[in-house]
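Undergrad: Below: sequence and its predicted model.
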Amino acid sequence: MVDILITGKPIDTQACINMASSPQSGGIDVFIGTVRATTKGKEVVRLEFEAYRPMAVSEIKKITVQMLQRWPLHHIIIHHRTGILKVGDVAVVIAVSAAHRDAAFDACRYAIDTLKQTVPIWKKEVFLDGEEWVAAHP
Amino acid sequence: MVDILITGKPIDTQACINMASSPQSGGIDVFIGTVRATTKGKEVVRLEFEAYRPMAVSEIKKITVQMLQRWPLHHIIIHHRTGILKVGDVAVVIAVSAAHRDAAFDACRYAIDTLKQTVPIWKKEVFLDGEEWVAAHP
Amino acid sequence: MTINILAFGIAKEIVGGASTSADLPSHTTVAQLRRRLEEQYPQLGKLASYMIAVNNEYAATDSLINEQDEVAIIPPVSGG
Amino acid sequence: MTINILAFGIAKEIVGGASTSADLPSHTTVAQLRRRLEEQYPQLGKLASYMIAVNNEYAATDSLINEQDEVAIIPPVSGG
């Protein structure tokens, strides 16, 4: 099963894990991306995530197709949050199950690495003294 | 924080994730080992895990010390179940948090790989037509 | 033809809204659209990079843009 | 001296219980204990491998065993 969600509501990590579980799976690797309190030494007040939703879903789908071609996986669950997030909030959950753990680890890491490169989602860091769209400028 | 538990009760995955979370962490990698329905083509009825508990805790502690020496980690949570488990039950949860995801992924994988090599915990697979201590014989 | 162009992230701030429009000759390429946008919004040229998406796909610079296409400015992504 | 030896996993089945005991001369090494155990329980020698733990640590074959030590037979582990 592949389940992709871009949502303005809090992500339910346990639900993602449950969806990734199956009687055939021996290992599930889960990556949880959370909002860090500081970035480059500056205190983060909040983050704002914006997505080009249909294209983001389409690009995540491409990642899952590549994953299924490359590794013998059972389930792939990718949920990404949008809107205003506070420190500690969950921004993304990727859960990948497979019969054996190596495939789950490798595929999960590939998913988050690729998501950060190709999926049209943007993050604005809001500090006490200003704000900045991450990676926008050289 | 390092939290190590060998328990006869079901593992609470979400509690492990919550313990691994911190405002300084940007990434948590979680490995969940579950009981597979089949192994080498044979149907598994149940698994039985046995631990040499004080030594198992001590060997897991060594793994966490090595992890903290090798990677800049925040929290390491390692919970392992003992007793009788059914297909789909969670046998082990390893949750590792760090400021950046590479350290969390590498350290989590190191933890499960090393745990399987050094920690005195044993698994008996019970099939419809017999049973077998895993890895016991050549 | 008049093309409506969606803008996201910092591009939304640069064009001053969730979309902008451009009057373009037919058979315009993505490269020509980029030049037109950078003339109109010089801040776009100062980004680390940006892509043009056509119908929810990253578009090559020599792709042609048609009037019914959904066109979007994609500044450097930073999800996850 | 009489040493109590804990057994786990398949070793528990081989020795027929959660522990067994061995009468050994003082200054016995782990290697000598292994030989003694394999004489008494030939099935131990047929395992893929096994280790002896002394006081919750894997012990080298030339380690000496003392009367108060906690000694255990560790067949191939398979947790996780």
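TA: Received the coordinates, thanks. Numbers count the residues shown, from 1 in each chain, chains lettered A, B, ... in the order given.
Undergrad: C-alpha only now, for contacts and for neighbours.
TA: Noted.
Undergrad: Any idea what residue C:72 is bridged to?
TA: residue C:6, residue C:53 (DSSP bridges).
Undergrad: To clarify, my last question referred to residue A:46.
TA: Those that pair with residue A:46 in a beta bridge, by DSSP bridges, are residue A:126.
Undergrad: What of residue A:28?
TA: Beta-bridge partners for residue A:28, by DSSP bridges, are residue A:97, residue B:32.
Undergrad: my guess is it meets residue A:95, correct?
TA: Yes: the criterion here is CA atoms under 8 Å, and residue A:28 meets it with residue A:95 at 6.6 Å.
Undergrad: Find residues that contact each of those two.
TA: When contacts are counted by CA atoms under 8 Å, 6 or more residues apart in numbering or on different chains, the set common to residue A:28 and residue A:95 consists of A:17, A:20.
Undergrad: and the top helix by length along chain C, which residues are buried?
TA: Scanning chain C for the longest helix, with DSSP state H as the assignment, gives helix C:30-40. Neighbour counts using 16 or more other CA atoms under 10 Å in any protein chain shown place C:30-34, C:37 of helix C:30-40 among the buried residues.
Undergrad: Which residues of chain C lie near chain A?
TA: By the rule CA under 8 Å from any CA of the partner chain, the part of chain C lying against chain A is C:8-10, C:46-49, C:56-57, C:74-80.
Undergrad: got a list of contacts for stretch A:126-138?
TA: Here stretch A:126-138 has contacts from A:42-48, A:122-125, C:9-10, C:46-49, C:75-78, using CA under 8 Å, 6+ apart.
Undergrad: Any of the residues you listed buried? List them.
TA: With burial judged by 16+ other CA under 10 Å, the buried subset of the contacts of stretch A:126-138 is A:43-48, A:122-125, C:9-10, C:47, C:75-78.
Undergrad: Keep only those of those residues that are in strands.
TA: A:43-48, A:122-125 (DSSP state E).
Undergrad: and the two most separated of these?
TA: A:43 and A:122 (19.2 Å; CA to CA).
Undergrad: if we can go back for a sec, so which residues make contact with the longest helix of chain C?
TA: C:24, C:44-45, C:52, C:59-65.
Undergrad: dump the residue contacts of residue C:6.
TA: Counting by CA under 8 Å, 6+ apart, residue C:6 has contacts C:18-20, C:70-73.
Undergrad: Compute the distance between the closest residue to residue C:78 other than its chain neighbours and residue D:26, please.
TA: Spatial nearest neighbour of residue C:78, chain neighbours left out: residue A:122 (4.8 Å); criterion: CA to CA, 6 or more residues apart in numbering or on different chains. In this view, residue A:122 and residue D:26 are 71 Å apart by CA to CA, to the nearest Å.
Undergrad: Over to residue A:52?
TA: Separation of residue A:52 from residue D:26 (CA to CA): 76 Å.
Undergrad: Between those two, which is the more surrounded one?
TA: Taking neighbours as other CA atoms under 10 Å in any protein chain shown, residue A:52 and residue D:26 compare with residue A:52 leading, 19 against 12.
Undergrad: Name all residues that make contact with that one.
TA: Contact partners of residue A:52, counting by CA under 8 Å, 6+ apart, are A:120-121, C:8.
Undergrad: Tell me if I'm right that residue A:79 and residue A:9 touch.
TA: No: checked against CA under 8 Å, the pair residue A:79 and residue A:9 is beyond contact range at 10.5 Å.
Undergrad: Looking at those two, which is more packed in?
TA: Using other CA under 10 Å, the more surrounded residue of residue A:79 and residue A:9 is residue A:79, with 24 against 11.
Undergrad: Which of the residues of chain C next to chain A fall within helices?
TA: Reading helices off the residues of chain C next to chain A with DSSP H, I get residue C:10.
Undergrad: Which one of the residues of chain C next to chain A is nearest to chain D?
TA: Within the residues of chain C next to chain A, the smallest distance to chain D is 28.9 Å, found for residue C:80 (CA to the nearest CA).
Undergrad: Find me the pLDDT at residue A:124, would you?
TA: Predicted confidence (pLDDT) for residue A:124: 97.
Undergrad: which ones are touching it?
TA: So residue A:124 contacts A:47-49, A:131-134, C:9 (CA under 8 Å, 6+ apart).
Undergrad: do residue C:12 as well
TA: Residues near residue C:12 by CA under 8 Å, 6+ apart: C:18-19.
Undergrad: so it, which of the three states?
TA: Following DSSP: H, G, I helix; E, B strand; the rest coil, the label given to residue C:12 is helix.
Undergrad: Residue A:60 now?
TA: Applying three-state DSSP: residue A:60 is helix.
Undergrad: what do you get for residue A:22?
TA: Per three-state DSSP, residue A:22 ends up coil.
Undergrad: any idea how far stretch A:16-24 is from the chain center?
TA: Chain-centre distance of stretch A:16-24: 17 Å, with CA atoms, centre = their mean, to the nearest Å.
Undergrad: In that stretch, which residues are buried?
TA: A:16-17, A:19-22, A:24.
Undergrad: Also stretch C:20-28?
TA: Buried, per 16+ other CA under 10 Å, within stretch C:20-28: C:20, C:24, C:28.
Undergrad: Identify all contacting residues around it.
TA: With contact meaning CA under 8 Å, 6+ apart, stretch C:20-28 is reached by C:1-7, C:33, C:64-67.
Undergrad: The spatially closest residue to residue C:44 that is not a sequence neighbour and residue C:15: what is the separation?
TA: Distance criterion CA to CA, 6+ apart; nearest residue to residue C:44, sequence neighbours excluded, is residue C:38 at 5.8 Å. From residue C:38 across to residue C:15, the span is 10 Å (CA to CA).
Undergrad: Then residue A:13?
TA: From residue A:13 to residue C:15 the distance is 36 Å (CA to CA).
Undergrad: And for residue A:104?
TA: 42 Å.
Undergrad: Those two: who's more crowded?
TA: Counted by other CA under 10 Å, residue A:104 and residue C:15 do not tie: residue A:104 has more neighbours, with 29 against 22.
Undergrad: Against which helices or strands is the helix or strand hosting residue A:17 packed?
TA: Following DSSP states H and E, one finds residue A:17 within helix A:13-20. The helices and strands touching helix A:13-20, judged by 3 or more CA pairs under 8 Å, 6 or more residues apart in numbering or on different chains; DSSP states H and E, are strand A:27-34, strand A:73-81, strand A:90-98, helix B:13-20.
Undergrad: Show the contacting residues for residue A:9.
TA: Counting by CA under 8 Å, 6+ apart, residue A:9 has contacts A:81-82.
Undergrad: Please, which helix or strand holds it?
TA: Under the criterion DSSP H and E, no helix or strand holds residue A:9.
Undergrad: middle-most residue in the chain, spatially?
TA: No chain was given, so I picked chain A. Centroid-nearest residue in chain A, with CA atoms, centre = their mean: residue A:92, separated by 3.3 Å.
Undergrad: hmm, I had chain C in mind actually
TA: Closest-to-mean residue, chain C, CA atoms, centre = their mean: residue C:73 / 3.7 Å.
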